[in-house]
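>>> What would the 3D arrangement of this be:
(2 chains)
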Amino acid sequence: MQDLKLKAAEKRGAHQLGGDNLVGWDEVTQGIVLTSFDGDATGVSHKKAEERNYSDFNSYTATVASWRVMKPVFNIDVCIDCQNCWVWCPDSSILSRDKQMLGIDYDHCKGCEVCVEVCPTNPKSLLMFSEYEDLGNALASWPEKKKKEKK
Amino acid sequence: MAVEFEVNEREVWDGNYAASQALRQADVDVVVAYPITPSTPIVENYGAYVGNGYIDGEFIMVESEHAAMSGCIGASAAGGRVSTATSSQGFALMVEVLYQASGMRLPIVLNVVNRALAAPLNVRGDHADMYLGRDSGWLQMSAFNAQEAYDLALCAFKIAENHSVRLPMMVHQDGFITSHTAQNVYPLSNEAAKKFVGVMNPVDDMLDFSRPVTYGAQTEEDWHFEHKAKQHKAIMDSASVIDSVFAEFKELTGREYNRVETYDMEDAEVCVIGLGSTVESARVAAKEMRKEGVKAGVVAMRVFRPFPYEEVREALKGCKSIAVTDRSSPGGAMGAFYNEVAAAMMTSQSRPLVTNYIYGLGGRDLSIENIKTIFREQQANADAGYITTDIQQFTNLRGPKLGFFKTERN
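As a prediction, this is how the structure comes out:
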């Protein structure tokens, strides 16, 4: 079973896109320039996401998945850790560490279905379900391995 | 290390060459350009300075003006001192990106050599392109001759890059009349110019890896309005910085610039207000009118954006009748400049008569005689106490007289 809390840093998706603090014209940043990190960010590219000091302006700290109507569900029992989904995901929403698939970042996933499309296993390790489908039910209804058709 | 380019105390330069020398002396880091008549020599010369080792800069040729301004934005956001030049159709293609530059508060200096917009295709000077940039959020200055094209380009970097301004700035000069007419120009020494413009101190530069930033964020109805309001306030507030840079420039060179220039206005009762090379003709015409006993004066817009509302009112307060000259096809309205001056004078104590003259489209000459006719009509208005002519008239146009609207009188 997947652990959805796994690798989810405290700040990830902590607020709605657009921010909670609607300041006045005199307080907005000059040129709509937004800082990505709080403090000195030297060498930040060598740190893992959950170790980075993301600022409130970084979309990492905002949930940007509000328009998703279908979600991919990940089944760890079928996955072979090929990393295809991680490579193809356009929103960096596949959580993976040390080439091991861990789950989906539902704060940033838009439900585009690319991960399902590229998954090579039989049955697929990722399938689309309604946004409102309970994860337990989704996993319980996972299809069987497709047998080769008899000639 | 760049090779020293020798300049004499007095040079014979045209407006384009003068502007390109300003770019060289200002040590511009990056020029991203696409050539278009009549502004081409500005960027061409900069490219030559780079090629011949006179400047440690980068000259990037791209596939269009849209790409040129986009490249300028990238280089400016990275933290460089950036400039380019364009005209007319090229300017029109740049427009979409001009708003990006100003919204992101990038201090790019754009040398605009003004030229008419097609159709019909025309390479000569009018202010259609200048007006197209009116609402783009850029600061706009107008040079009336080659010396001013040089002086104002140097000032533009200093104004735009000031940390309380951080806005892009256009320096306008008239196509061919200014850009291709060789005149005496008194440049600063390389050292003095470099010292005057100063070192570029970047803000939020993308090459600062200790502080990564996002440029070009999307904002919807909950944020966009506040950002645009802040930008407008910055444009309005830039006036004081422009004044102080002009003051510093005067101290260095003795050449004085004001956001609104006035000539023979101390006791003037009638006046012509305009911008570009026409100002010099109008000054000659005003002097001749004074010999005929008409108290004529000239007001010129040095800075078009931010619009010097109060200074315009102050300059015109003693006038009885004012001719506002628009060198751009008004497209079904009064001239845009007329509307701005008229609005300013509407809230003044004196509320003088304000009339609109459309002139010089596509490089059509405006002669001293034409301007004297305008002055005489203003005198007739002043004497009658109302606008005796059509409120908007076309000047030096072939065919039947073309004009629109009359004053409402009972």
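>>> interface residues of chain A facing chain B?
Counting by CB under 8 Å from any CB of the partner chain, chain A comes close to chain B at A:18, A:22-26, A:28, A:30-37, A:40-42, A:44, A:57. Yep, even glycine has a C-beta here, placed from its N, CA and C like the rest.
>>> Can you turn the buried part of these into a ChimeraX selection?
Buried subset of the residues of chain A next to chain B, written as a ChimeraX selection, criterion 16 or more other CB atoms under 10 Å in any protein chain shown:
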select /A:28,31,32,33,34,35,36,37,41,44,57
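>>> how about the strands of chain A, start to end?
A:15-16, A:34-35, A:62-63, A:70-74, A:94-97, A:100-104, A:126-130 (DSSP state E).
>>> Any idea how far the last one is from the middle of the chain?
Translated: strand A:126-130. Strand A:126-130 has its C-alpha centroid displaced from the chain centroid by 14 Å (CA atoms, centre = their mean, to the nearest Å).
>>> Now the closest residue to chain B within chain A: closest residue in space, sequence neighbours ignored.
Closest contact between chain A and chain B, by CB to the nearest CB, is at A:Gly31 (3.3 Å). For A:Gly31, ignoring the flanking residues on the chain, the nearest one in space by CB to CB, 6 or more residues apart in numbering or on different chains is B:Arg105 at 3.3 Å.
>>> Residue of chain B nearest chain A, please.
Closest point on chain B to chain A, by CB to the nearest CB, is B:Arg105, at 3.3 Å.
>>> Wait, that residue touches A:Gln30, no?
Yes. Between B:Arg105 and A:Gln30 there is a contact at 5.3 Å, judged by CB atoms under 8 Å.
>>> shared neighbours of the two, anything?
Listed as contacting both B:Arg105 and A:Gln30 by CB atoms under 8 Å, 6 or more residues apart in numbering or on different chains are B:166, B:203, B:234.
>>> Contact partners for the first one?
B:Arg166 is in contact with A:30-31, B:105-107, B:160, B:203, B:234, counting by CB under 8 Å, 6+ apart.
>>> at 7 Å what do you get?
Listed by CB atoms under 7 Å, 6 or more residues apart in numbering or on different chains, the contact set of B:Arg166 reads A:30, B:105, B:107, B:203.
>>> Same check on B:Val113?
Here B:Val113 is in contact with B:16, B:38-39, B:85, B:87, B:173, B:175, B:179 (CB under 7 Å, 6+ apart).
>>> related to what we said a few turns ago, and the contacts of B:Arg166, which two are furthest apart?
A:Gln30 and B:Pro107 (11.6 Å; CB to CB).
>>> just to revisit the earlier point, settle this for me: the residue nearest to A:Gly31 is touching B:Leu167, isn't it.
Yes. Assessed by CB atoms under 7 Å, B:Arg105 is found in contact with B:Leu167 at 6.2 Å.
>>> still on that earlier bit, the residue nearest to A:Gly31: how many residues sit nearby?
Counted with other CB atoms under 10 Å in any protein chain shown, the neighbours of B:Arg105 add up to 26.
>>> What are the phi and psi values at it?
Here the main-chain torsion angles of B:Arg105 (degrees, to the nearest 10) amount to phi 60, psi 50.
>>> same thing with B:Ile374?
Per degrees, to the nearest 10, the backbone of B:Ile374 is at phi -60, psi -40.
>>> Then the one 4 residues further on?
When read as degrees, to the nearest 10, the backbone of B:Gln378 gives phi -70, psi -40.
>>> again with A:Asp91
phi -120, psi 20.
>>> try B:Thr214
phi -100, psi 130.
>>> is it in a bridge, and if so with what?
A:Leu34 (DSSP bridges).
>>> residues near B:Ala26, how many?
By other CB under 10 Å, neighbour count at B:Ala26 equals 24.
>>> So for it, what's the pLDDT?
B:Ala26 carries a pLDDT score of 98 in this model.
>>> List the contacts of it.
If you count contacts by CB under 7 Å, 6+ apart, then B:Ala26 has B:81, B:154, B:157, B:193, B:197 around it.
>>> Where helices are concerned, which of these count?
B:154, B:157, B:193, B:197 (DSSP state H).
>>> ok, for the first one, nearest residue in space, not its chain neighbours?
The shortest distance from B:Leu154 to any residue other than its chain neighbours is 5.0 Å, reached at B:Ala22 (CB to CB, 6+ apart).
>>> ok so that neighbour is a helix residue?
Yes. Using DSSP: H, G, I helix; E, B strand; the rest coil, the assignment for B:Ala22 is a helix.
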